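Participant: What follows is a predicted protein model with its sequence.
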Amino acid sequence: MKKINVGIIGVGRIGSLHARSITHHIPSAKVLGITDINTANLKSLADELSIEKIYSGFEEMLDDPEIDAVLICSSTDTHADIAVKAAQKGKHIFCEKPVDLTPEKVLKVKEAVEKAGVVFQVGFNRRFDHNFSKIKEFVASGKIGETHIVKITSRDPAPPPAQYSAVSGGMFLDMTIHDFDMARFLTGSEIVEIFVNATCLVDPEIGDAGDVDTAVISLKFANGAIGVIDNSRKAVYGYDQRVEVFGSKGSVVADNDKPTNVTLWSEENISGDKPLYFFLERYMQSFTDEVAAFIKSVEGQSLTPVGIKDGLNSLLVALAAKESLSQGKPIKINY
């Protein structure tokens, strides 16, 4: 079978990670070319991975008939425009989250993708995590009965620079949007109401930039379940990623991944490893697995596991979270 020729638009931290994952772990695909507005690292990455083509811009890549699919890993404010043009050129699309910061532009992407009949997948990698996918399996199989409560703890080890808020859309659209998608994914139900209590306790400059870094978020789902998400931009002990889904017949829990699961019991104390510190360590395999799933969809072996609807609906929840915080009241979400 012919390999799927992939072009990567934006080869910063995530784009270069995807390039290495495809090259080393996905034999049915090939990174044919790369492009980035920052040209400094293009040649070194191309040399490292034997990538044949370096494009002057994404337009040149989209004009290349040899490219079957593109990974959009550029800055958030470019995602939607590139995705529309890629669809018009008949390229299958993997787009990092969020697709855009406005529903209107996401809907334009949806229209273009549906008109072109191309595959479109959003980069919600946590769905592919070994722990969370197992929780989904238990919930979907009815092992815990009807879902009653979802609890998600998501805390970063260190905050981003305050100026990052201006381009990322803020914590709810950059960080918590993963948790909103995870809540939808695990329950199999849409979030219909949200109430946010949030503040700035980690870095005053984040507050000065108009964002928050600490939040507790209450959710109501269409299936009657309720949920809570707690976020912090700084957990001094590492990258804190825990989930519990409680139901009428039981509960299923995912704890943090650690370097080892060894615990020392001594006269002085009981001790073990802290959680993995960096998100690339914690979710490395899930990044590979999500792109592998995308390639299978391009090959026609499976349906897209995370489509444009998932990107749009999680964005609507994130925007409702901002509205709830500003108004100080619960917000109902209309899809």
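Facilitator: It's in.
Participant: and residue 333, how many neighbours does it have?
Facilitator: Applying other C-beta atoms under 10 Å, we find 20 other residues in the vicinity of residue 333. Every C-beta, even on glycine, is put in place using the N, C-alpha and C of the backbone.
Participant: before we move on, what about residue 278?
Facilitator: Residue 278 - counted by other C-beta under 10 Å - has 13 other residues nearby.
Participant: dump the residue contacts of it.
Facilitator: With contact taken as C-beta atoms under 8 Å, 6 or more residues apart in numbering, residue 278 is in contact with 157, 239.
Participant: domains for the chain, by residue range?
Facilitator: What the record gives for the chain is the domain set 4-118, 127-282+313-332, from automatic domain parsing.
Participant: would JSON lines of the ones you listed with mean pLDDT be doable?
Facilitator: Written out in JSON lines, the entries for the domains of the chain read as follows (pLDDT from 0 to 100):
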{"stretch": "domain 4-118", "mean pLDDT": "96"}
{"stretch": "domain 127-282+313-332", "mean pLDDT": "95"}
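Participant: For those, give me JSON lines that also has distance to residue 295.
Facilitator: Compiled in JSON lines, the domains of the chain are given as follows (distance: least, C-beta to C-beta, whole Å):
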{"stretch": "domain 4-118", "distance to residue 295": "5"}
{"stretch": "domain 127-282+313-332", "distance to residue 295": "13"}
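Participant: closest to residue 307 out of the ones you listed?
Facilitator: Ranking those by distance to residue 307, with C-beta to C-beta as the measure, places domain 4-118 first at 8.9 Å.
Participant: Could you give me the buried positions within stretch 214-222?
Facilitator: When neighbours are counted by 16 or more other C-beta atoms under 10 Å, the buried residues of stretch 214-222 are found to be 214, 215, 217, 219, 220, 221.
Participant: Among those residues, name the ones in strands.
Facilitator: Residues from these lying in strands, with DSSP state E as the criterion: 214, 215, 217, 219, 220, 221.
Participant: is it true that the fifth one touches residue 193?
Facilitator: Yes: applying C-beta atoms under 8 Å, one finds residue 220 in contact with residue 193, separated by 4.0 Å.
Participant: residues contacting residue 312?
Facilitator: Taking C-beta under 8 Å, 6+ apart as the criterion, residue 312 is in contact with 99, 103, 106, 107, 110.
Participant: Secondary structure element for it, which one?
Facilitator: Residue 312 belongs to helix 308-327 when elements are defined using DSSP states H and E.
Participant: Tell me the pLDDT of residue 2.
Facilitator: In the prediction, the pLDDT value recorded for residue 2 is 87.
Participant: would it count as being in a helix?
Facilitator: No: for residue 2, which was evaluated using DSSP: H, G, I helix; E, B strand; the rest coil, the result is coil, with no helix membership.
Participant: How many neighbouring residues does it have?
Facilitator: 8.
Participant: Ok, residue 119 next?
Facilitator: Close neighbours of residue 119, defined as other C-beta under 10 Å, add up to 22.
Participant: What sits closest to it if chain neighbours are left out?
Facilitator: In space, not counting the residues next to it along the chain, residue 119 is nearest to residue 92; the distance is 4.2 Å by C-beta to C-beta, 6 or more residues apart in numbering.
Participant: now that neighbour, which residues is it bridged with?
Facilitator: residue 69 (DSSP bridges).
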